[in-house]
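>>> Any chance you could fold what I've pasted below:
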Amino acid sequence: QVQLVESGGGLVQAGDSLRLSCAASGLTFSTNAMGWFRQAPGKERNFVAGINWNGRSTDYADSVKGRFTISRDNAKNTVYLQMNSLKPEDTAVYYCAAKNRAFGPIAYREYEYADWGQGTQVTVSP
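Okay, the predicted model is just below:
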């Protein structure tokens, strides 16, 4: 059974930083592209960042480019999202997800991901 467990969320002020972690088990982590999505209250869930299976390729939503960094440690079965210069509009529940097939490029759509974490709340106050 695949499990993705996010951690690291919290309440911060605008301009602060947070690092989210997502620990994976029950899958061959090193062969799956991974992604981070977020969902603000009353809004749909959107792509934030993605990383391919070996970590050599990453991509970001325009709204977080230059502020967020996705990375992975395949030895620890963990993917990270470093979030700097946080803004109130970054407030959301953040989810990590594992792509639905091994290898291949970064995925941007929810249907391309087979497994999801339970989410971690990030709240940024003005």
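>>> Need the residues that contact the helix or strand bottoming out on mean pLDDT in the chain.
The element with the least model confidence among the helices and strands of the chain, by mean pLDDT, DSSP states H and E, is strand 92-102, at a mean of 93. Under the criterion Cβ atoms under 8 Å, 6 or more residues apart in numbering, residues 2, 4, 6, 9, 20, 22, 24, 27-29, 31-40, 43, 45, 48, 53, 79, 81, 107, 110, 112-122 lie in contact with strand 92-102. Placement of C-beta: from N, CA and C, glycine included.
>>> mind exporting that strand as PDB, just the C-alpha atoms?
Backbone C-alpha positions of strand 92-102 (Å, rounded to 0.1, in the frame of the first residue of the first chain) are rendered in PDB as follows:
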ATOM      1  CA  ALA A  92      -3.400  26.500   1.100                       C
ATOM      2  CA  VAL A  93      -3.400  22.800   1.800                       C
ATOM      3  CA  TYR A  94      -0.300  21.400   0.100                       C
ATOM      4  CA  TYR A  95      -0.400  17.900  -1.200                       C
ATOM      5  CA  CYS A  96       2.400  15.700  -2.600                       C
ATOM      6  CA  ALA A  97       1.700  13.100  -5.200                       C
ATOM      7  CA  ALA A  98       3.400  10.200  -7.000                       C
ATOM      8  CA  LYS A  99       3.000   9.900 -10.800                       C
ATOM      9  CA  ASN A 100       1.000   6.900 -12.000                       C
ATOM     10  CA  ARG A 101       3.800   5.300 -14.000                       C
ATOM     11  CA  ALA A 102       7.600   4.800 -13.700                       C
END
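>>> in that strand, what's buried?
Residues of strand 92-102 classed as buried by neighbour count (16 or more other Cβ atoms under 10 Å): 92-99.
>>> if we look at the sheet, which residues does the residue nearest the centre of the chain bridge to?
In the chain, the C-alpha closest to the average C-alpha coordinate belongs to residue 36, at a distance of 2.2 Å (Cα atoms, centre = their mean). Legend: beta-bridge partners of residue 36 under DSSP bridges are residue 49, residue 96.
>>> surely it meets residue 70?
Yes - the pair residue 36 / residue 70 is scored as a contact, 6.3 Å apart, by Cβ atoms under 8 Å.
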